[in-house]
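**Student:** fold the following, please.
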Amino acid sequence: MNAPDRLAISASATTFDASADLLTRFRTVRQHTQALVAPFSPEDCQLQSMPDASPAKWHLAHTTWFFETMVLEAAEPHFAPFDARFRVLFNSYYQGVGAAHARAERGLISRPTLAEVMHYRAQVDERMQRLLAHGAPAASVRQLVALGLQHEQQHQELLLTDMLHALSRHPQWSAGQSPIKTLQQTDLAWLPYEGGLIQQGWTAERDGDFCFDHEAPRHRVWLQPFDMGHRLVTQHEFWQFMASGGYQRPECWLSLGWEWRKQGAVNAPLYWRQVAGDGLGLEHWRQFTLSGEVPIEPHAPMRHLSYFEADAYARWAGARLPTEAEWEHAARSGQLHQAHGQCWQWTSSAFSPYPGYKPWAGAVGEYNGKFMCQQLVLRGSSQATPAGHARDSYRNFFPPEAQWQFTGLRLARDGGSAPAMA
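**Tutor:** Numbering: from 1, shown residues only. Okay, here's the model as predicted:
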């Protein structure tokens, strides 16, 4: 296994120029995925630690499957699949394409090997580059390639978060010795917003030339006056919630959240571990990262929280989680600190269609709309989000119990109210 310090991967290490031609963008994104897996062994890339996570090898193959199945099959003259079996093995959930291997059993796909998957990637890359280099492809092809690149960037983040979860299950993988980061914590400032009639949703002028179908259409929303925390909740602040008995106080929790906490015996954030005896101070806690187990970073944003935990903290703090419309309005004002590049931020908004929403035509129409049930919206982006992938209109979504992503929280409150810290 490689040294722990080699696993401290920066998701933005490769620059991404959204204005570059499609062929250059294709090469950049595809190369970055392979750079992310370079520090990991073939054995690491086979791990699947829970049904919600996938092996790195599967991510490498599935993103390649997307280009072969969604683009080359329709656009390549004399198309022939690299391996017909891959159509099922590396399909995720596209029922319109055909059968898919069970999600919870992706870690059992020992064949093809990692080397064979990398050969698959290289062969499809060569075919895609030939398609993009020889003449201007049709507009429909360019749109699918742009979608495929955004799709791959999503999987780049998932690859890291899934690997983090897998390595955290290793009984002896705790060799990281990274020092506490010397971040300065500023007192939480409340930013006031008057509310009123606003426009919500993707706009090319502000968000770039691409959006997923569920970021549109742009529409009007009425907001009541509200205040928004200027920064994210820190690890030290969340520890204060823990030290006050927050995990044992049912009045702080939604009913479903309380049952989730009890059934899972959840008494601390994911990846936090109490060490050095029974002391309650923050110095007695450590957390698992891609660099191994390291001390808590008191002034860094809190991460790997479920919606239930984020909501419980907000109630304890005498505040609430923002709606996604409030978050987008505040982010577009330019006043929010840490809007991007730190943590996805839970909102209280259910993942549902915007007024006038229409999914894409064809198999890619299954991309977002079919998941608009029992999911909550997150806004912003995280430290694992690839460069060039974040925008203010982006609507991420996960079920409320999800913890393994880089998910944190920002506080909101009704306009003119005063928070009563518990």
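
**Student:** could you pick out the longest helix of the chain?
**Tutor:** Ranked by residue count, the top helix of the chain under DSSP state H comes out as helix 139-168.

**Student:** and that helix, what's buried?
**Tutor:** 141, 144-145, 147-168 (16 or more other CB atoms under 10 Å). (Glycine included, C-beta is placed from N, CA and C.)

**Student:** and Glu324, what does it touch?
**Tutor:** Taking CB atoms under 8 Å, 6 or more residues apart in numbering, we find Glu324 in contact with 347, 349, 377, 379, 395.

**Student:** kindly recompute the last result at 6 Å.
**Tutor:** 347, 349, 377, 379 (CB atoms under 6 Å, 6 or more residues apart in numbering).

**Student:** how about Leu60?
**Tutor:** Per CB under 6 Å, 6+ apart, neighbours of Leu60: Val117.

**Student:** so the helix or strand hosting it versus helix 139-168, what angle?
**Tutor:** In the assignment (DSSP states H and E), Leu60 maps to helix 56-66. Helix 56-66 and helix 139-168 are oriented at 170 degrees to each other (axes from the mean of the first three to the mean of the last three CA atoms, to 10 degrees).

**Student:** per-residue confidence averaged over helix 56-66?
**Tutor:** Computed over helix 56-66, the mean pLDDT rounds to 98.

**Student:** extract the CA atoms of it and return them as PDB.
**Tutor:** Extracted in PDB, the C-alpha atoms of helix 56-66 (Å, rounded to 0.1, in the frame of the first residue of the first chain):
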ATOM      1  CA  ALA A  56     -12.800   2.900  -8.000                       C
ATOM      2  CA  LYS A  57     -12.400   0.300 -10.700                       C
ATOM      3  CA  TRP A  58     -16.200   0.500 -11.300                       C
ATOM      4  CA  HIS A  59     -16.100   4.300 -11.500                       C
ATOM      5  CA  LEU A  60     -13.300   4.000 -14.100                       C
ATOM      6  CA  ALA A  61     -15.300   1.600 -16.200                       C
ATOM      7  CA  HIS A  62     -18.700   3.200 -15.800                       C
ATOM      8  CA  THR A  63     -17.600   6.600 -17.000                       C
ATOM      9  CA  THR A  64     -16.100   4.900 -20.000                       C
ATOM     10  CA  TRP A  65     -19.300   2.900 -20.500                       C
ATOM     11  CA  PHE A  66     -21.100   6.200 -20.700                       C
END
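
**Student:** how far does the longest helix of the chain sit from the chain's center?
**Tutor:** When distances are taken as CA atoms, centre = their mean, to the nearest Å, helix 139-168 is centred 10 Å away from the chain's centroid.

**Student:** other SSEs contacting it?
**Tutor:** helix 22-37, helix 56-66 (3 or more CB pairs under 6 Å, 6 or more residues apart in numbering; DSSP states H and E).

**Student:** which residues in the protein form helices?
**Tutor:** Using DSSP H, helices in the chain cover 22-37, 56-66, 73-75, 86-89, 114-133, 139-168, 204-207, 235-243, 255-263, 307-316, 324-332.

**Student:** can you redo those as a markdown table with distance to Leu409?
**Tutor:** Listed next are the helices of the chain as a markdown table, based on distance: least, CB to CB, whole Å:
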| stretch | distance to Leu409 |
| --- | --- |
| helix 22-37 | 27 |
| helix 56-66 | 27 |
| helix 73-75 | 42 |
| helix 86-89 | 37 |
| helix 114-133 | 37 |
| helix 139-168 | 17 |
| helix 204-207 | 23 |
| helix 235-243 | 9 |
| helix 255-263 | 13 |
| helix 307-316 | 4 |
| helix 324-332 | 11 |
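
**Student:** low-scoring stretches of the protein, by residue?
**Tutor:** Along the chain, segments meeting pLDDT under 70 span 1-20, 173-184, 277-279, 417-422.

**Student:** got phi/psi on the residue sitting furthest away from the middle of it?
**Tutor:** In the chain, the residue that sits farthest from the middle, by CA atoms, centre = their mean, is His78; the gap is 37.1 Å. Taking degrees, to the nearest 10, you get phi 60, psi 40 for the backbone angles of His78.

**Student:** domain parsing for the protein?
**Tutor:** Per the record, the chain has its domains at 4-168, 190-414, by automatic domain parsing.

**Student:** surely Phe226 is in contact with His329?
**Tutor:** No: when contacts are counted by CB atoms under 6 Å, Phe226 is not listed as touching His329 (8.8 Å).

**Student:** looking at the helices of the chain, which is nearest to Glu283?
**Tutor:** helix 235-243 (10.2 Å; CB to CB).

**Student:** run the angle between the closest one and helix 307-316 for me.
**Tutor:** Taking the same axes, to 10 degrees, one finds that helix 235-243 is oriented at 80 degrees with respect to helix 307-316.

**Student:** what's in contact with helix 235-243?
**Tutor:** Here helix 235-243 has contacts from 280, 282, 296-298, 300, 302, 313, 316, using CB under 6 Å, 6+ apart.

**Student:** any chance of a markdown table for these, columns neighbour count and distance to His219?
**Tutor:** Shown next, in a markdown table, are these (neighbours: other CB atoms under 10 Å; distance: CB to CB, whole Å):
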| residue | neighbour count | distance to His219 |
| --- | --- | --- |
| Leu280 | 11 | 48 |
| Leu282 | 17 | 44 |
| Ile296 | 19 | 42 |
| Glu297 | 21 | 39 |
| Pro298 | 16 | 41 |
| Ala300 | 20 | 36 |
| Met302 | 25 | 32 |
| Tyr313 | 25 | 31 |
| Trp316 | 20 | 34 |
